[in-house]
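Enquirer: when you get a sec, could you give me coordinates for this:
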Amino acid sequence: MSNFVTQEDLDLIPDELEIAVMEEKYNATGNNILVNDKAALVHPGVSNETVKTLADVLGVEVVRGTIAKISTVGSVALANSKGIICHPRASEGDIDFLKKIFNVPVTLATLNYGTPWLGACAVINDKGAAVGDKSTPIELGKLEDGLGLF
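Expert: Reported below is the predicted structural model:
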């Protein structure tokens, strides 16, 4: 969790969930972390301590990188255990890198009528998605196909 979390917030979290508070300059976790059950890609500036903490808490390999030359990787991609949709300007190198570390297919996409900032447009998991209401049928089809949501 971000270092802006309060003790009152932490008290609301069930004890069976393992959490960690990141003492991190790059503390907008949703914008700076792209994660599924296999791996995590984080902002290149994230500290070594945070990389280790994320690996320990999430139980996945954590690597630093960018997507489409953008450091806030969680803002330009969405991942689940079945696939990734990412910024339409991701390079072939970006796509190959994502496939390698996450071991899932990668689809270029937009949401909310052409927005490449996918993290601001949807919340997803393996069972479904909550998506911005301006998303077109074509965009929803790419999201469903790319993330295996049938």
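Enquirer: use CA for all of it now, contacts and neighbours both
Expert: Fine.
Enquirer: per-residue pLDDT, the most centrally placed residue in the chain?
Expert: Residue closest to the average C-alpha location in the chain (CA atoms, centre = their mean): residue 34, at 2.5 Å. Reading off the per-residue confidence, residue 34 sits at a pLDDT of 97.
Enquirer: what are the contacting residues of the host helix or strand of it?
Expert: When elements are defined using DSSP states H and E, residue 34 is found to belong to strand 33-35. With CA atoms under 8 Å, 6 or more residues apart in numbering as the test, strand 33-35 has contacts from 40, 41, 42, 43, 72, 73, 74, 77, 78, 79, 80.
Enquirer: swap in stretch 83-102?
Expert: Where contact means CA under 8 Å, 6+ apart, the residues beyond stretch 83-102 that reach it are 36, 38-40, 66-69, 76-79, 104-110, 116-118, 143, 146-148.
Enquirer: let's see which of the residues you listed end up in strands.
Expert: 39, 40, 77, 78, 79, 106, 107, 108 (DSSP state E).
Enquirer: among these, which one lies nearest to residue 6?
Expert: Compare each of the ones in strands among the contacts of stretch 83-102 with residue 6 using CA to CA and the shortest gap goes to residue 40, at 24.9 Å.
Enquirer: I'd assumed residue 61 was in contact with that closest one.
Expert: Yes. Here residue 40 lies in contact with residue 61, judged by CA atoms under 8 Å, at a distance of 6.2 Å.
Enquirer: related to what we said a few turns ago, buried among the contacts of strand 33-35? Need that as a selection in ChimeraX.
Expert: Only the buried entries of these go into this ChimeraX selection, using 16 or more other CA atoms under 10 Å:
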select :40,41,42,43,72,73,74,77,78,79,80
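Enquirer: tell me which element residue 130 falls in.
Expert: Counting by DSSP H and E, the element that carries residue 130 is strand 129-131.
Enquirer: pull out the buried residues from that strand.
Expert: Within strand 129-131, the residues that qualify as buried are residue 131, counting by 16+ other CA under 10 Å.
Enquirer: do stretch 57-75 as well
Expert: 58, 60-68, 71-75.
Enquirer: so which of these sit within helices?
Expert: Using DSSP state H to define helices, the subset of the buried residues of stretch 57-75 located there is residue 58.
Enquirer: could you verify my assumption that residue 142 touches residue 135?
Expert: No. With the criterion set as CA under 8 Å, residue 142 and residue 135 do not qualify as a contacting pair; they are 10.8 Å apart.
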